[in-house]
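K.L.:
could you work out the structure for the sequence below:
(2 chains)
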2 protein chains.
Amino acid sequence: METMPNWLHKRALMTPDRVAIIENDTQLTYKELQMRSVEVANALRTKGIAKGNHVGFFMQNSLEAAVCLHALMYIGTVIVPLNHRLTASELSFQLNDAELTYVISDDELKGKASEALNDLNVSLLVYQELQKGSQELSNLEVTIELNQLHTIMYTSGTTGKPKGVMLTYGNHWWSAISSSLNLGHEVQDRWLCAVPMFHMSGLSILLRSVIYGITMIIKPRFDPHVVNQSIQHEGVTIVSVVSAMLRRMLDDLGEEGYAPTLRCVLLGGGPAPYPLLKTCEKKGIPVYQTFGMTETASQLVTLSPEYMLQKQGSAGKALFPSEVVIADNLPPGEHGEIRVKGPTVTSGYWKRNEATQEALRNGWLHTGDIGYMDEDGFLFVLDRRKDLIISGGENVYPAEIESALLEHHAVKDAGVTGIQDEKWGEVPVAYVVSDQFELSSSVLLEFLSERLANYKLPKRISFVDELPRNGANKLQRNQLTNLRETKQ
Amino acid sequence: METMPNWLHKRALMTPDRVAIIENDTQLTYKELQMRSVEVANALRTKGIAKGNHVGFFMQNSLEAAVCLHALMYIGTVIVPLNHRLTASELSFQLNDAELTYVISDDELKGKASEALNDLNVSLLVYQELQKGSQELSNLEVTIELNQLHTIMYTSGTTGKPKGVMLTYGNHWWSAISSSLNLGHEVQDRWLCAVPMFHMSGLSILLRSVIYGITMIIKPRFDPHVVNQSIQHEGVTIVSVVSAMLRRMLDDLGEEGYAPTLRCVLLGGGPAPYPLLKTCEKKGIPVYQTFGMTETASQLVTLSPEYMLQKQGSAGKALFPSEVVIADNLPPGEHGEIRVKGPTVTSGYWKRNEATQEALRNGWLHTGDIGYMDEDGFLFVLDRRKDLIISGGENVYPAEIESALLEHHAVKDAGVTGIQDEKWGEVPVAYVVSDQFELSSSVLLEFLSERLANYKLPKRISFVDELPRNGANKLQRNQLTNLRETKQ
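P.N.:
Prediction:
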C-alpha cells in the first residue's frame, strides 16, 4: 500500500453529509469542508503555491485554519506549522531553517508574521485576504503517497535550537489507526480540539476526524470554562488535554461530574500528577494517560480503559502495532531510556543528520525519556532524561517531586529543576504557584518530607506567579531558574 | 511499514484479560488464547510443520479451530482453508493444487480428510490427537511481514476449476482497518461467527477480533434459532450473514425485534432481495449491505449506516482507502463491470498467471460482477457477469427476477438462470422453493408480470425442494438446471 486517496476527498465521497467541523454556531459537513478546501487550494495555487513547496501555517485554531490545512494537503505542500507564541526572531529561525517559500497567516497574526519575515525571501499570504478560488479539481492532488512528507514540525526545543521533525502521510495515517485500535471509534464521536493545531495534539485531531469520519469541535484556545461547557452541552466524546489543562477544568467544574457522553479524556504531555488522577477517579472521569511526542506523530503508548484504575500513573502499553522497550530490553522495574518503534515514528529531523542518527538507531527511536516497565508490561514514564537530577549519585526525578507538591491542596502548580551544588553535585529546587499567601516553604517541606526520601527534598522552594509553559502547555523546566519570586 | 508484531501476540500483550472467544459456556481471554495457540504451535512444530509450509485447515467452526489458525500464524505457515462440504475428489484437487504438505483436521472430519489424501504425499494431523506442546516462544514467529502470504483460499468456483486466491497479512490487516473505518469499532463489540471459518466471511471475523481486541462468539454452524438466541442473550453487536441466512433468522424471529445491543448485521454474498431489506427496515434491524469477495479479503464496499434506508438495495461506497469504478469509469446509471482497487486486493491466483493477468490490470481487480453507480456515487450490484442472461439483445439479471419472486409471501427461496432459446438466444427460467402446495407457476407469472418487463419473465417456473448453495450459502445458478421438480 503506497498510495491512497486524499483523506478529505475520500471521506467527502463516503459520508458527504456527516458533520466534519463545529465552531460555535457554524458547522460544516464533509462535503462543505471539501468544497471550501478545494476553493482555498485553488486560491493558493493562483498565488503561486505548488506541490512540494514548504509552506508555513501560522493561524490560530479556527474553522478557517482547518480549511487551510486541508487546502495545503490538496496542493500537496509540506506543511510547517508555526507556534504563534514564539517571538519574531524564534519564528525567523524556523522559517529559514525549514526553507519556507510561503507563510499563510490569519488576519490577527499577520503583523507578527510580517515582523518574522522581515529580511527573508518568504511571501506572506493572509487567509482572509484570499480571493475565492475555483472548484476545479484537475490541478489538485486527489491521491497521496504514504511516504510523502506531510509536515515539518518543530519540537518545543526546551534546550538547544528547535529541530524540525519530519512526518509523512503514512506516519499520521498509522497514528490515527493505532489510536483507534485502542480507543475504538464510534460513528457519533465528537473530538474537542482546544489544543493548538500547530502542535501534534491539535493536528492529530484534525487528521483523525477526517480519517474516522467523525466531528471535530474547534475552540480558538484553551479556556477551562468553555471546554467544560462544550463537554456538557455539545456532545463531546473525546477531549485531548495535558495535566495543567485538566487541573483547571476540574477547578472550574467544581462539584459537578461530566456528561455521560464524554468517553475519553486523552491526557498527554508528560507524567500526570497522582492527585489529579485520584480526583478523576473519584468523579468517574475516563482518563486515558498517554505517552507520545512529535517524533511519534502523537500518542504512542496509551493506558487501555480497563486498567485506568488498576495501573494508575502508568502511560499503558504501546499501541497496535508499535513497540516500546526500556534501553536494551531492561527487565521489569529497572529504569532506563524509553525506546519506541513503529510506523508512526519519524524518519528524522529536517537537515539534522547528526541528531537523526543519534535519535534513530536500527529503527528504534531513542526518546530521551526515562521510565520503566512493570511486571505486566505497563510503561511508567519517570521524566525527561535531560531533566534528571543526579544528587549524590541518586537519580532524582523532578516529576515525582512536582507530583508530591501538587498533592497539597494549596499548590496550584509546581515545577522542579536541578541546580549545581558543591556537596551533592546537583540538588532539586522547587517553584510553586499558590493562591494562599500564608503558605510557607517550611510548611511545604514538612509536607514533602512525609512523602519523599530526604535526598529528593528541594533545597529551596520559591513562590512564583506562573510557571513557564510552552505553546503545548508543557512545563519548561530550563526556564524555572529565571523566575522572579513573589514572596520569600 | 513492512513488519509488525504477530497480531495475537501484540493483542495479548495489550489487553490480556479481555475475552477473545466465547463458544457456548467456554470463554478464553486473549492471554489464554495466546497460551493455547503457542502450545498448539509447538505441538505442530514437533510434528514437522515449519515456516512457509502450505498447511490445509480442515476443521469445523470451534474454539479449537480458532486456536489452530492462530497456531499456524505463530509458525508462519501459509494457511489453506478447506471447505468441508466439498467431495473428496474436489478436496484432492485443492490439496494437490495448493502443494500442501500437511492437513490439520478435527476429529469429526478426519475420515473425509483421509479419503481426500488417498494417493497424495500429504500428512494428516488430527487436532484432538496432538500432544500438548510447550510454551516456548523462541521458535515461533512473533513478527510478521505485511507482504507475507497468509492464506491461499479457493474461490467457490461456480464455474471451472477453483482458483486459489493468495492473500497476504497486509490484505487481511487492511481489510480489518477498512471495515473499522466504516463500521467503527467499540471496545465492547462482540462479533458473532456462524459463517464458516474456512471462508473469508468467518476468517475475517477471527482476524478482526484479534486486531480490534473484541470478542468473537463462535457457533459450529448456522442455525437460525441458535443465532437469534445468541443475539438476544449473548450481547452480540455485529453478525455476518448472507441473504438466505437472514431470511431464515427473520422467520425464526417471528414478531419480535432484536436486542438493542445488535448494532450491525453485515449482509454479504450477493445482492439482497428488496423484500428482505423492507422487513428489516420495518423491524429496525441495522443492515449494512456489503459487496466483496475472497479476492478482496472480505467486504470492500459497504453502505454507511446513515444511508441504509435512503439507498436501500445499494452496496454503498468503497471502504477507506479503497476505490471502485464501473468499467473504464462509466458515468452514473450506466451498467458495466465493477472494478476495484485498494490494499485488500489479492496479488493474484496461486500458479494461475493467466487468470491473474486477466483479473488484475494496472492495479485494478476486474471483479466479473456487473453494476452501476448512482449520481451520488453509490454502487448497485446487479449480478455476476457470467450469470447475465442476454435475451433478444436485452440484459436480464437473474438477481432482479429472484428478488421479485421473493416478494411473493409464499416463495421461500428462488433461483434464476438462463437457458438456450432458438428465438431469443437465451431466456430466463426460475426455480422456486415454496411450502404452499397450491401455489402454481401461472399465479407466480401473473405476480411477476406486474413487476417486471415482459422480456424478463421466466419462460418456465419449476418448484423444487431446495436450491443448490455452496459452503458460503451462495446460490449456485449453474447447478439449477440439474434440479428435479417436486411438482408440475
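K.L.:
what ranges does the stretch 351-488 of chain A have for its helices?
P.N.:
Taking DSSP state H, counting those that start in this stretch, the helices of the stretch 351-488 of chain A run over residues A:353-359, A:398-406, A:441-449.
K.L.:
dump the last one to CSV, restricted to CA.
P.N.:
So that's helix A:441-449. The C-alpha coordinates for helix A:441-449 follow below in CSV (Å, rounded to 0.1, in the frame of the first residue of the first chain):
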residue,chain,number,x,y,z
SER,A,441,8.1,26.9,52.2
SER,A,442,8.7,25.3,55.6
VAL,A,443,5.1,24.0,55.7
LEU,A,444,5.6,22.5,52.2
LEU,A,445,8.9,21.0,53.1
GLU,A,446,7.4,19.3,56.0
PHE,A,447,4.5,18.1,53.8
LEU,A,448,7.0,16.7,51.3
SER,A,449,9.2,15.0,54.0
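K.L.:
next, the nearest residue to A:Gly342 once chain neighbours are set aside: phi, psi?
P.N.:
The spatially closest residue to A:Gly342, leaving aside those adjacent along the chain, is A:Ser322, at 2.8 Å (CB to CB, 6 or more residues apart in numbering or on different chains). To be clear about C-beta, it is placed using only N, CA and C from the backbone, and glycine gets the same treatment. Note on A:Ser322: its backbone torsions stand at phi -80, psi 170 [degrees, to the nearest 10].
K.L.:
I figured A:Ser322 hits A:Gly363, correct?
P.N.:
No. Applying CB atoms under 8 Å as the test, A:Ser322 and A:Gly363 come out as separate, 11.2 Å apart.
K.L.:
mutual contacts of these two, please.
P.N.:
A:341, A:345 (CB atoms under 8 Å, 6 or more residues apart in numbering or on different chains).
K.L.:
how far away is A:Gly418 from chain B?
P.N.:
Look at A:Gly418 and chain B: by CB to the nearest CB, to the nearest Å, they are 35 Å apart.
K.L.:
tell me who's in contact with that residue.
P.N.:
When contacts are counted by CB under 8 Å, 6+ apart, A:Gly418 touches A:387, A:389-391, A:396, A:398, A:426-429.
K.L.:
verify the stated contact: A:Gln232 with A:Gly257.
P.N.:
No. Using CB under 8 Å, A:Gln232 is not in contact with A:Gly257, being 9.7 Å away.
K.L.:
what about A:Leu483, how many neighbours?
P.N.:
16 (other CB atoms under 10 Å in any protein chain shown).
K.L.:
contacting residues around it?
P.N.:
Contacts of A:Leu483 by CB under 8 Å, 6+ apart are A:431, A:462, A:464, A:467-468.
K.L.:
repeat that for A:Arg469.
P.N.:
Contacts of A:Arg469 by CB under 8 Å, 6+ apart are A:244, A:475-476.
K.L.:
returning to that earlier point: which one of the contacts of A:Gly418 is nearest to chain B?
P.N.:
A:Asp387 (28.9 Å; CB to the nearest CB).
K.L.:
number of residues surrounding the closest one?
P.N.:
Considering only other CB under 10 Å, A:Asp387 is surrounded by 23 other residues.
K.L.:
and it, what's its pLDDT?
P.N.:
Model confidence at A:Asp387, given as pLDDT, is 87.
K.L.:
flag the shaky bits of the stretch 151-300 of chain A, pLDDT-wise.
P.N.:
A:156-160, A:270-271 (pLDDT under 70).
K.L.:
neighbour count: A:Gln232 and A:Gly257, which is higher?
P.N.:
Higher neighbour count among A:Gln232 and A:Gly257: A:Gln232, with 16 against 12, using other CB under 10 Å.
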